[in-house]
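>>> Give the three-dimensional model of this entry:
(2 chains)
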Number of protein chains: 2
Amino acid sequence: MARWEPGAPERLQQAALELFATRGYDQTTAREIAESVGLTERTFFRHFSDKREVLFHGQDVFVQAFLAGVGAASPGATPIEIIAAALQSAASFFPDERRSHSRTRQAVIDKNPALQERELHKFANLAATLADALRRRGVEPLAATLAAQTGTSVFAIAFAQWIGKGERRSLNEITADVLGELRTLTAKGRARSR
Amino acid sequence: MARWEPGAPERLQQAALELFATRGYDQTTAREIAESVGLTERTFFRHFSDKREVLFHGQDVFVQAFLAGVGAASPGATPIEIIAAALQSAASFFPDERRSHSRTRQAVIDKNPALQERELHKFANLAATLADALRRRGVEPLAATLAAQTGTSVFAIAFAQWIGKGERRSLNEITADVLGELRTLTAKGRARSR
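Take a look at the predicted model:
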């Protein structure tokens, strides 16, 4: 058995991000990532199936943050109120100290189509999990799917703003603003079309 | 120069779909697709870069159908009204005669993660193109992105219903229903939270 490495996943993740950002994703190997923090390639593969997974480590915790919000919403909450609670809970997963890390990660992803597809997959998975959680709360299937998809879009849009150049608002503030804008948008359409 | 093959892309597409559905996507080669309709592998690669592209042929026309709807919306239309027009235009791209083809295609995609990622990419591309078209109409950036993302989700959800087992409604009817449900959902949230 190999020795237990304290904090190895976090150290590998941090090192990978730095190498991807400075040297390029395609130009960095798992071995180089591991060696840059004094670990072996073998240790790397004990924690990650491949170098792509380093960028998506912690996805379970990310999804759990949304689900915690769904669970915390009051029993009589409407689907959109449940989603608002999920978004608020998820935002707490991204405090301002994490913004710089998230910016670097996004810059790496934006340069690589395969990583972009993986990121889309992550959001699709989030939407499916949220829809399932809403249905288990008794929300009707169509409303559950729509609310989950919409909530995921709101999160993705808010997140992109949060890591935008010069942005200072918290993710929670931005998410609330984007959700408010969605309500205004759909309400306007409704009023006009009647 | 090779002879011009009348309707070769359509024949290859139809043949590919049948082989993918009966034999499996991974078990079918470009050569087999071509030969099953009396064409050569070379002809196949004149029309498609790889066998995956057979399933995504016509994406430009698909996106253009949405853009035509954006262009046809009245000058004073709200963002959500423009999206409704885009969805209506896109629905006309999928008449009932096409439902069976779309069902088979989806069954092939559902069995293959790489094809699912390509499909997600298609929708992400649609949302980006729609947001751009809305901005060019003078819609404010956040509203444009939100309306485009939401419209794309509405389309994807409606499309999944349209190809559902036993579904008889037209895509246009379903799309209008899903958009109506979205308005109800967000309006409810709005009323309650005030």
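>>> Low-confidence ranges, chain A, go.
Residue ranges of chain A with pLDDT under 70: A:1-6, A:188-194.
>>> so what are the domain limits for it?
Annotated domains of chain A cover A:8-54, A:59-193 [automatic domain parsing].
>>> how about the first one against chain B, any contact?
No - under the criterion of Cβ under 8 Å from any Cβ of the partner chain, chain B is not reached by domain A:8-54; the shortest gap measures 12.4 Å. Bear in mind the C-beta positions are built from the backbone N, C-alpha and C, glycine included.
>>> okay, how far is it across that domain, tip to tip?
12 Å (Cα to Cα, to the nearest Å).
>>> For chain A, which residues are neighbours of chain B?
Proximity of chain A to chain B, by Cβ under 8 Å from any Cβ, involves residues A:78-81, A:84, A:116-118, A:120-121, A:124, A:142-143, A:145-147, A:149-150, A:153-154, A:156-157, A:161, A:178, A:181-183, A:185-190, A:192-193.
>>> Among those, which are located in helices?
Members of the residues of chain A next to chain B lying in helices (criterion: DSSP state H): A:79-81, A:84, A:116-118, A:120-121, A:124, A:142-143, A:145-147, A:149-150, A:153-154, A:156-157, A:161, A:178, A:181-183, A:185-190, A:192-193.
>>> can you put the domains of chain A in TSV and add mean neighbour count?
Below are those laid out as TSV (neighbours: other Cβ atoms under 10 Å in any protein chain shown):
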stretch	mean neighbour count
domain A:8-54	17
domain A:59-193	18
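>>> centroid residue for chain A?
Relative to the mean C-alpha position of chain A, the nearest C-alpha, by Cα atoms, centre = their mean, is the one of A:F62, at 5.9 Å.
>>> Please list all residues in contact with that one.
By Cβ atoms under 8 Å, 6 or more residues apart in numbering or on different chains, the contact set of A:F62 is A:90, A:93, A:122, A:126.
>>> Just the closest of the residues you listed to chain B, please.
Nearest to chain B, judged by Cβ to the nearest Cβ, of these is A:K122 at 10.1 Å.
>>> from the middle of its chain, how far away would stretch A:118-125 be?
Taking Cα atoms, centre = their mean, to the nearest Å, one finds stretch A:118-125 lying 9 Å from the centre of the chain it belongs to.
>>> Sorry, slip of the keys, the one I care about is stretch A:8-15.
18 Å.
>>> so can I have a markdown table of the domains of chain A showing distance to B:P9?
Listed next are those as a markdown table, based on distance: least, Cβ to Cβ, whole Å:
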| stretch | distance to B:P9 |
| --- | --- |
| domain A:8-54 | 33 |
| domain A:59-193 | 25 |
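>>> For A:V61, which non-adjacent residue is closest in space?
A:F93 (7.3 Å; Cβ to Cβ, 6 or more residues apart in numbering or on different chains).
>>> Against A:F62, how distant is the one you found?
6 Å (Cβ to Cβ, to the nearest Å).
>>> same deal with A:E81?
A:E81 is 21 Å from A:F62, by Cβ to Cβ.
>>> what does A:V108 give?
17 Å.
>>> and if you look at A:S102?
11 Å.
>>> before we move on, back to that, for the residue nearest to A:V61, give me its contacts.
A:61-62, A:65.
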